Structure formats: C-alpha cells, structure tokens
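> 3D model of this:
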Amino acid sequence: MSNVRTMALISAVGALALLSTGCEKLKARDNLNKGVQAFKTAKYNIAVEHFKKATELDPEFINARIYLATAYMSQYIPGADSPENMQNAKAAETEFLKVLEKEPNNTLAIESLASLHYNQAQGNQPLEQKLKKLDEAAQWYSKLASVDPNAKTAFYSLGVITWAKWYPRLMESRRDMGMKPEDPGPLKDKKVREKMRTEWLATIDKGVENLEKALKVDPEYDEAMAYLNLLHRERADLLDSPDEYRKEVETADNFVQKALDTKKIKAERAAHLAAKGGIKADK
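As a prediction, the model looks like this:
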C-alpha cells in the first residue's frame with residue numbers, strides 16, 4: 001500500500017472516530033436535558049439514570065456528573081439509617097469526588113460535600129460518630145473558604161459547627177454543677193471553668209472569627225449574627241467574674257438586636273420591591 005493510500009486510510013479512520021465522538025457527546029447532552037427535566041419534577045430515580053448515561057457516553061461531562069451527584073444527594077434524608085439512604089449518600093460523595101479529580105477547585109462540588117457531611121451529623125447517633133462527621137464537614141468548608149474567600153456560607157457554617165460541638169459540652173458541665181440553662185454564669189466551679197477554657201476557648205474564638213468573616217462578606221447576614229449571639233453568650237460562662245460575664249452577654253444581646261433589625265430591614269425592602277413589581281405588572 002502506498003504512503004498516499006495509507007495516509008488517506010488513517011485520515012478516514014480519524015474522521016470516523018471524531019464523528020462517533022461527536023455523536024456520543026450529542027447523546028450525552030440529550031440525556032442531560034432529559035435528566036434535568038426529571039430532576040425539576042423531583043423524579044430523582046429517573047434523573048439519576050439519565051445523568052448516569054450521560055457520564056457513560058461522555059466521561060468528561062462535568063455538568064452531568066454534578067447533576068448526578070446532586071440527584072443522589074437530593075434523595076438522602078438526614079438521620080435516616082436505611083441501607084438505601086446510606087447508599088445515596090455514598091453515591092453522592094463518590095460522584096462529587098470524581099468531579100474534584102477533574103476540577104479540584106470546583107466550589108459547587110466542595111460545598112456539596114461539606115453540606116452532605118454536615119447533614120450526616122444530624123439525627124440520633126453516637127456522639128463520636130456525630131463529631132467525626134462535623135469535623136469532616138468543617139474540613140470541606142475550610143477548603144471552600146480557601147478556594148473562595150468570599151464564600152460567606154463557608155465561614156458561617158464553620159461557626160455553626162463550632163457551636164454544634166461546643167454547646168452540648170457546656171450544657172453537660174452546667175448539669176454536673178446543678179446549673180440550669182437559664183441560670184446566670186459564669187460556671188460556678190473555678191477548676192471546671194479553667195479546664196473548659198483551656199479545652200475550648202481557642203475553638204470558640206475561631207468560631208467567632210469565622211462568623212465575623214461571614215458578616216464582612218455580607219453585612220446583612222442575620223443568620224451569622226444569630227450564631228454570634230450564641231457563641232458570645234456561651235463564651236461568657238468561661239469568664240472569671242460576673243462583670244466580665246455581663247459584658248459578654250451584652251455583646252450577645254447586641255447581636256440579637258442587630259439580627260432583628262436586619263431582618264426587619266430586609267423584610268421591608270422585599271415588600272417594597274414586591275409592591276413596585278405589582279405596579280409594573282398593573283401597567
């Protein structure tokens with residue numbers, strides 16, 4: 001066979017391969033669209049099959065894989081321990097990790113993994129297992145914050161996780177001392193107070209810092225204000241004097257008021273915009 005004929009044959013084979021690849025991508029896109037339609041109507045099982053087919057036809061199709069992972073996660077019910085539920089969580093995690101293999105800084109995949117681990121910490125389960133999942137969620141939220149310094153939900157969630165780990169421990173100490181949740185502090189036993197401060201103060205301070213970062217990104221983030229109230233109010237229990245305690249509680253109260261004022265401002269703004277929209281619609 002002459003070189004000319006050989007090159008022609010190679011070119012023809014290459015063209016067929018490109019055509020075949022193009023067809024596969026078109027089929028993948030079609031399955032994605034069908035999956036999205038099923039997803040929008042909460043037909044997650046059907047959506048999963050379409051998204052799986054799309055990723056099989058085009059393994060590099062990141063959007064299809066993200067949808068596939070999200071469809072699995074949408075079927076996960078926090079706190080339910082059935083095998084099917086656990087499988088949905090595992091499948092979602094696997095698919096999101098595959099996305100990160102291709103795109104290590106994909107913020108949607110990172111935030112979804114963080115949310116998934118946080119949700120897995122909910123419900124009735126051994127404390128050790130709950131704390132493990134919270135730590136895993138915190139690792140993913142920390143990664144999200146490093147990839148996107150303006151991801152307010154990352155800083156907010158890190159603050160929430162701090163509170164979720166700290167609050168039960170504080171309540172346990174109060175119960176051991178015969179203190180009710182509503183009793184004023186600080187903690188009565190100086191030795192316990194010092195021990196708790198050594199173990200927890202740096203963690204609480206970091207939680208406050210993360211919530212403040214969330215507020216820096218969004219000064220109207222009232223959910224962050226609410227948790228700043230909680231962390232300041234409970235950090236007061238670790239202080240040594242009633243005066244220090246009262247000052248910290250005043251800081252907490254200020255965040256409560258600020259959160260209420262912000263909610264009111266946002267509600268009034270939303271009502272104003274809705275009214276303007278109604279006027280435009282009437283015209």
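
> Let's check: the centremost residue of the protein is which one?
In the chain, the residue lying closest to the centroid (Cα atoms, centre = their mean) is Ser115, at 3.3 Å.

> Show me what the strand or helix carrying it packs onto, helices and strands only.
Secondary structure from DSSP states H and E places Ser115 in helix 107-120. If you count contacts as 3 or more Cβ pairs under 8 Å, 6 or more residues apart in numbering; DSSP states H and E, helix 107-120 packs onto helix 62-74, helix 83-102, helix 127-147, helix 152-176. All C-beta spots, glycine's among them, are computed from the backbone N, C-alpha and C.

> Which of these has the highest mean neighbour count?
Ranked by mean neighbour count, the helices and strands packed on helix 107-120 are led by helix 62-74 with a mean of 22 (mean count of other Cβ atoms under 10 Å).

> circling back to that earlier point, with just CA atoms, put the helix holding Ser115 into CSV.
What follows is helix 107-120, C-alpha atoms only, in CSV (Å, rounded to 0.1, in the frame of the first residue of the first chain):
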residue,chain,number,x,y,z
THR,A,107,-16.8,25.2,44.5
LEU,A,108,-20.1,23.6,43.9
ALA,A,109,-18.7,20.1,44.5
ILE,A,110,-16.7,21.2,47.6
GLU,A,111,-19.7,23.0,49.2
SER,A,112,-22.0,20.0,48.4
LEU,A,113,-19.6,17.6,50.1
ALA,A,114,-19.4,19.9,53.1
SER,A,115,-23.2,20.1,53.3
LEU,A,116,-23.5,16.3,52.8
HIS,A,117,-21.2,15.6,55.8
TYR,A,118,-22.9,18.2,57.9
ASN,A,119,-26.3,16.6,57.2
GLN,A,120,-24.9,13.2,58.0
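
> List the buried residues of it.
Using 16 or more other Cβ atoms under 10 Å as the test for burial, helix 107-120 gives 108-120.

> Redo the helices and strands packed on helix 107-120 as TSV? Include mean pLDDT and distance to Lys206.
Shown next, in TSV, are the helices and strands packed on helix 107-120 (pLDDT from 0 to 100; distance: least, Cβ to Cβ, whole Å):
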stretch	mean pLDDT	distance to Lys206
helix 62-74	95	28
helix 83-102	95	25
helix 127-147	95	10
helix 152-176	96	7
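
> For those, please prepare JSON lines with the additional fields distance to Glu250.
Listed next are those as JSON lines, based on distance: least, Cβ to Cβ, whole Å:
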{"stretch": "helix 62-74", "distance to Glu250": "41"}
{"stretch": "helix 83-102", "distance to Glu250": "43"}
{"stretch": "helix 127-147", "distance to Glu250": "29"}
{"stretch": "helix 152-176", "distance to Glu250": "19"}
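
> What is the nearest of the buried residues of helix 107-120 to Glu84?
Gln120 (14.9 Å; Cβ to Cβ).

> Can you give me every residue that contacts that closest one?
Applying Cβ atoms under 8 Å, 6 or more residues apart in numbering, we find Gln120 in contact with Pro78, Ala89, Lys133.

> can those go into CSV with extra columns for distance to Leu170?
Listed next are the contacts of Gln120 as CSV, based on distance: Cβ to Cβ, whole Å:
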residue, distance to Leu170
Pro78, 24
Ala89, 30
Lys133, 20
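
> Nearest to Ala28 among those residues?
Ala89 (25.6 Å).

> That closest one reaches Tyr76, doesn't it?
Yes. Taking Cβ atoms under 8 Å as the definition, Ala89 is a contact partner of Tyr76 at 4.8 Å.

> Common neighbours of the two, please.
By Cβ under 8 Å, 6+ apart, the residues touching both Ala89 and Tyr76 are Leu116.

> still on that earlier bit, ok, so what distance separates the residue nearest to the centre of the chain from Asn63?
Separation of Ser115 from Asn63 (Cβ to Cβ, to the nearest Å) stands at 19 Å.
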